[in-house]
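Chemist: Let me see the structure of the following:
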Amino acid sequence: MLTRLLLPAFALLVPMSFAQVGNFGTATGHPKAGDTAPDLVFSQLLRAPEPGSWTQANLSGQVTVLSFFPDTSHNPKPVADWNARVTQYAGKPVQFVWITSEERQKLMPALAEHPIEGWVLYDPKNSTAKAYGLDMPVNIYIGPDRKIIGFQQGYIPDTRTLDAVLEGRITHTRPTQSNIKAFIQSNLVLLDAQPAMMPRATDHRPKFTPSYTVHITPSHGEQNGNSSSNDFWVLQGVTVKDAIEILYDTSSARVLLPPSLDDGKRYDFAMLLPKPESREKMSLRMKQGLQDYFHVTMQRETRLTDVYVVSVVSGRKPAALPPDNDSLAQFRAASIGFRGTGGLDEAIQSSGRPEDLKAMYSVFEEGTMGDLCRDLEYSLDRPVVNETELEGAYKIQVQIPLDSNVDFLQRLRDETGLVISPGQRNVEFLNFQPTVPHHAIE
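Modeler: Modelled structure (predicted):
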């Protein structure tokens, strides 16, 4: 099974820094998995699932899920998703605690209109988030023994992780390419041992002397990422196609490379400028550096090629999202699931290997049809063409059991009206060809 978790480029997890100042202010503690969970500090109990008040003893005796949501009033959809999760696990040994710091004049009317299930604590000083060392919103899982089980980036706990927490199927050891198969067969779910941090410009800033040179070297180790500021840019552990995807904002399905460069080898790209430049100018320097180092030139050309066409049944369309459903746009995530591929678990970065449409078993998307087609194309083995003519944003969530004989594409059509079918269309490609040596030019 492979689930590609598609995140924005800046959603890069970097090592913990103890000079931490994040969304919640300066951290006062840095507990990790296995440590005793700090007390929950708050100024007011806004809701209790049963009569009585919160005491610190409540952190023992059952699993606790802590979720931190600074902006509650603008996000009724996550509130509804949270409530559904609380209801789903009613009667099981788990309690849900929502902690918010939003200004009361906005918060209280929102809670009156959209009540939140479980415990709701008001912490205007973000004291609890600071005590747990948080830099951005995460879910924290605490065991019946009041020991921290782990951290997970996001707002709403997912059922797969919750079930694994309740069943003791959690690991903090990130698998490598060499033991991926054993990891998947173990049915373990990966949680972070420490809370993830928002990336900072200084975390990956190159140490060499500033210049206009793009430094490209073979990668050593398994580090990968994309980090930049207005005077530097670093790509770690990327293939040539990966780098082209990022620099040219396209998918590998639309990139043509000489076989000698399409070999899976990974490289580090780094540029540190003498003075800040625009993103466009930096991108041009990185593109030129790539072409110079690998001795290629790029031309755009249109070819008739095999594609997947996304269309919609006449008179049908998926469930539309409200026009103002963009408050969490910076955290937009989509997932495309494939079965029988021996790929990576959804909690870690996928290998980027193109997949066959027939292996698809799930899709989750909140966005436009363009977003859906783009995300599909980054996973599939050929370009994806949007012929739905649908405007606006939609929620698409379809999944079939991994061990079923259900036709996923038929289920997608039945539930959303969307049709994905093979076809041929004229598509623009980026064609990289070896540079012709000067002495060969007559």
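Chemist: could you point out the longest helix in this structure?
Modeler: When the chain is scanned for its longest helix (criterion: DSSP state H), the result is helix 279-294.
Chemist: Can you pull out the low-pLDDT segments for this protein?
Modeler: 1-22, 177, 199-202, 323-333, 340-354, 437-442 (pLDDT under 70).
Chemist: so who does the nearest residue to residue 319 once chain neighbours are set aside touch?
Modeler: Spatial nearest neighbour of residue 319, chain neighbours left out: residue 395 (5.0 Å); criterion: CB to CB, 6 or more residues apart in numbering. The C-beta positions use only the backbone N, C-alpha and C, and glycine is treated the same way. Residues in contact with residue 395, defined by CB atoms under 8 Å, 6 or more residues apart in numbering, are 318-321, 365-366.
Chemist: Residue 411 now?
Modeler: Contacts were defined as CB under 8 Å, 6+ apart; by that measure residue 411 touches 398, 400.
Chemist: could you check the distance from it over to residue 419?
Modeler: 12 Å (CB to CB, to the nearest Å).
Chemist: try residue 426
Modeler: According to CB to CB, residue 426 and residue 419 sit 20 Å apart.
Chemist: For this structure, which segments count as helices?
Modeler: Going by DSSP H, the chain shows helices at 76-88, 104-113, 127-131, 159-167, 180-186, 240-248, 279-294, 369-377, 408-416.
Chemist: now for the ones you listed, which one comes closest to residue 434?
Modeler: helix 279-294 (8.8 Å; CB to CB).
Chemist: which residue ranges form the strands in the stretch 101-250 of the chain?
Modeler: 119-122, 138-142, 148-153, 170-171, 189-190, 215-218, 225-228, 232-238 (DSSP state E, counting those that start in this stretch).
Chemist: Let me see the domain layout of this protein.
Modeler: Domain ranges of the chain: 18-190, 201-296, 304-430, per automatic domain parsing.
Chemist: Quick one: buried ones out of the contacts of residue 395?
Modeler: 318, 321, 365-366 (16 or more other CB atoms under 10 Å).
Chemist: Generate a markdown table for the residues you listed, with distance to residue 306 as supplementary columns.
Modeler: Listed next are these as a markdown table, based on distance: CB to CB, whole Å:
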| residue | distance to residue 306 |
| --- | --- |
| 318 | 25 |
| 321 | 31 |
| 365 | 23 |
| 366 | 29 |
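Chemist: Not counting stretch 259-279 itself, show me its contacts.
Modeler: Counting by CB under 8 Å, 6+ apart, 205-206, 208-219, 224, 229-243, 282, 285-286, 289-290, 294, 296, 432 sit against stretch 259-279.
Chemist: If any of the residues you listed are buried, give me the PyMOL selection for them.
Modeler: Command for PyMOL, covering only those of the contacts of stretch 259-279 found buried under the criterion 16+ other CB under 10 Å:
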select buried, resi 214+216+219+229+231+232+233+234+235+236+237+238+239+240+241+242+243+282+285+286+289+290+294+296+432
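Chemist: Now do the contacts for residue 380.
Modeler: 253, 308, 354-357.
Chemist: mind redoing it with 6 Å?
Modeler: By CB atoms under 6 Å, 6 or more residues apart in numbering, the contact set of residue 380 is 355, 357.
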